[in-house]
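S.K.: Pasting a predicted model and its sequence here:
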Amino acid sequence: MYDIKSFKIKKEPLILGIESSCDETAAAVIFGRKLLSSEIISSATEQAKYGGVVPEIASRAHTEAVDEVVSAALKSAGVQPNELDAVAVTYGAGLLGALLVGLSFAKAFAYSLNIPLIAVNHIRGHLAAAYLSDENLKPPFITLLASGGHTAILHTKTFTQFKVLAATCDDAAGEAFDKVARVLGLPYPGGVNVERLALEGKPSIKLPSALVRASKTKFSYSGLKTAVINAMHNAAQRGETIDKGDVACSFQHSAIDPLVKRTVECALEKGVKTVTAGGGVVANGYLRESLKRACDAAGLKLVLPEKKYCTDNAAMIAAEGLTQYLDGKFSPLSLNATAHIPLA
Ligand code: KG4
Ligand code: ZN
């Protein structure tokens, strides 16, 4: 019988991580905090034909890829399934049909090997990606979370507890990058294409900052996105040509500069010496460089996940799985997928 109370906790477990919340089927193996392998099979090229993620296509792609990606992760880690100590899997937030593929696969793995199943919140996974960059990293830290669904600055007090210091009151930063990409006629996935186009432009167009005026705790990306649409529209109505590189670059500055500034201010206000970051937007080169410069100037230590661990991957799921494993937080086989999980 599968009994979650019977499992013993090891100090340095071998954990398999599985992620399938959106269009990436991913698996990774960690030994303690050391990453042994990380594999991804993406359906992004297929999704690009439709300009975004089609949930049913994502679910079917996960079904086809999950066995292959897990086998590849075990093989490149040099680990046999029976050596694993736990399986950590994303149970939410995300596309339900997509989540259920990885979750069901992980349950079968945990059951057949009689090892703990660990339910990982995808966003906690994004936050844990930084742990892979520094094996000795320990809270407290100030964390900038900038993803497709969330934008917030967090005071991470312990591995399991954080307080939200500032957050968006409408769209997330990644969502704004994706919408602006569409307005600029750039293909899916949007964020990285806006970044590429921004390299060809200057921040010459006046756009509102993403920090709500007179607020230190609220960001708004909906107004910024509308301002970009209006700038394009007004230029078209006047028969003027607008440099799309300048639009992308100006948007990037307005979207990112306030996040960087407030993150550093929060660290100084709270007297916290370490800054971390996570989420797909943290793969943005301009954000990474600006945050590094600002942290250096303020005498703060910055720990960033590698770019490939900012966007969806299973290494971050295994890393978050480890913190829960060490706390003995295991899930029964009745674990279900959840489309939405509140940030805090
Ligand atoms: O963190 P993530 O997987 O989203 C959630 O889990 O919610 O990240 C996806 C988001 C997308 O909105 C994408 O446009 C954005 O991250 N993104 C970027 C870059 N790469 C991905 N945004 C700006 N610059 C990038 N290089
Ligand atoms: Zn994600």
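M.R.: Yes, it's here. Numbers count the residues shown, from 1 in each chain. Ligands and ions are numbered 1, 2, ... in the order given.
S.K.: What segments of the stretch 101-250 of the chain are strands?
M.R.: For the stretch 101-250 of the chain, strands defined by DSSP state E, counting those that start in this stretch occupy the ranges 117-121, 141-146, 151-156, 162-168, 218-219.
S.K.: right, so these: which one is the most enclosed?
M.R.: Neighbour counts (mean count of other C-beta atoms under 10 Å) averaged over each of these peak at strand 141-146, with a mean of 28. The C-beta positions use only the backbone N, C-alpha and C, and glycine is treated the same way.
S.K.: Contacts for that strand, please.
M.R.: With C-beta atoms under 8 Å, 6 or more residues apart in numbering as the test, strand 141-146 has contacts from 123, 126-127, 130, 151-156, 162, 165, 172-174, 259-260, 263, 266-267, 270, 272, 274-282, 287, 291, 303, 343.
S.K.: same question, stretch 65-75
M.R.: 16, 18, 20, 25-29, 37-41, 43, 80-81, 101-102, 105, 109, 314.
S.K.: coming back round to it: now the buried members of the contacts of strand 141-146.
M.R.: Buried members of the contacts of strand 141-146, scored by 16 or more other C-beta atoms under 10 Å, are 123, 126-127, 130, 151-156, 162, 165, 172-174, 259-260, 263, 266-267, 272, 274-282, 287, 291, 303, 343.
S.K.: which ones are touching the residue positioned nearest the centre of the chain?
M.R.: For the chain, the residue sitting closest to the mean C-alpha position, by C-alpha atoms, centre = their mean, is Gly279 at 2.8 Å. Contacts for Gly279 (C-beta under 8 Å, 6+ apart) come out as Ile123, His126, Leu145, Ala146, Ser147, Gly148, His150, Gly174, Cys310.
S.K.: filter these by proximity to ligand 1?
M.R.: Among the contacts of Gly279, the residues that sit close to ligand 1 (C-beta under 6 Å from any ligand atom) are His126, Ser147, Gly148, Gly174.
S.K.: which among the residues you listed gets closest to Asp296?
M.R.: Closest approach between the ones next to ligand 1 among the contacts of Gly279 and Asp296, by C-beta to C-beta: His126, at 23.7 Å.
S.K.: any idea how far the closest one is from Leu145?
M.R.: Look at His126 and Leu145: by C-beta to C-beta, to the nearest Å, they are 7 Å apart.
S.K.: and this structure, which of its residues are near ligand 1?
M.R.: Proximity of the chain to ligand 1 (C-beta under 6 Å from any ligand atom) is limited to residues 122, 126, 147-149, 174-175, 177-178, 189-192, 195, 279-281, 283-284, 311-312.
S.K.: Spit out the contact partners of the residue in the stretch 201-344 of the chain that ligand 1 sits nearest to.
M.R.: Here the stretch 201-344 of the chain gets closest to ligand 1 at one residue, Gly280, 2.0 Å apart by C-beta to the nearest ligand atom. Residues near Gly280 by C-beta under 8 Å, 6+ apart: His126, Ala146, Ser147, Gly148, Gly174, Gly191, Cys310, Thr311, Asp312.
S.K.: Now the first one. Nearest residue, chain neighbours left out?
M.R.: This means His126. Using C-beta to C-beta, 6 or more residues apart in numbering and skipping the chain neighbours, the partner closest in space to His126 is Gly278 (4.0 Å).
S.K.: which ones are touching that neighbour?
M.R.: 126-130, 143-147, 305, 310, 316 are the contacts of Gly278 under C-beta under 8 Å, 6+ apart.
S.K.: okay, those in TSV with pLDDT next?
M.R.: Below are the contacts of Gly278 laid out as TSV (pLDDT from 0 to 100):
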residue	pLDDT
His126	98
Leu127	97
Ala128	97
Ala129	98
Ala130	98
Thr143	98
Leu144	98
Leu145	98
Ala146	98
Ser147	97
Pro305	98
Cys310	98
Met316	98
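S.K.: Go through the residues you listed and name the one nearest ligand 1.
M.R.: So of the contacts of Gly278, ranked by how close each gets to ligand 1 (C-beta to the nearest ligand atom), first place is Ser147, at 3.0 Å.
S.K.: which non-adjacent residue is nearest that closest one?
M.R.: Distance criterion C-beta to C-beta, 6+ apart; nearest residue to Ser147, sequence neighbours excluded, is Gly279 at 3.2 Å.
S.K.: Tell me, what's the model's pLDDT at the one you found?
M.R.: Here, the pLDDT recorded for Gly279 equals 98.
S.K.: any idea which helix is longest in the chain?
M.R.: The longest helix of the chain (DSSP state H) is helix 244-270.
S.K.: how many other residues sit next to His62?
M.R.: Counted with other C-beta atoms under 10 Å, the neighbours of His62 add up to 29.
S.K.: pretty sure it is in contact with Ser20, am I right?
M.R.: Yes: here His62 reaches Ser20: they are 4.5 Å apart, a contact under C-beta atoms under 8 Å.
S.K.: picking up where we left off before, roughly how far does the residue nearest to Ser147 sit from Thr143?
M.R.: 10 Å.
S.K.: Also Leu103?
M.R.: 26 Å.
S.K.: now the helices for this protein?
M.R.: 44-48, 55-77, 96-113, 122-128, 173-183, 190-198, 222-237, 244-270, 285-298, 315-326.
S.K.: just checking, what packs against the first one?
M.R.: Using 3 or more C-beta pairs under 8 Å, 6 or more residues apart in numbering; DSSP states H and E as the contact criterion, the elements in contact with helix 44-48 are helix 55-77.
S.K.: Below-threshold pLDDT in the stretch 201-344 of the chain: ranges please.
M.R.: Within the stretch 201-344 of the chain, no range satisfies pLDDT under 70.
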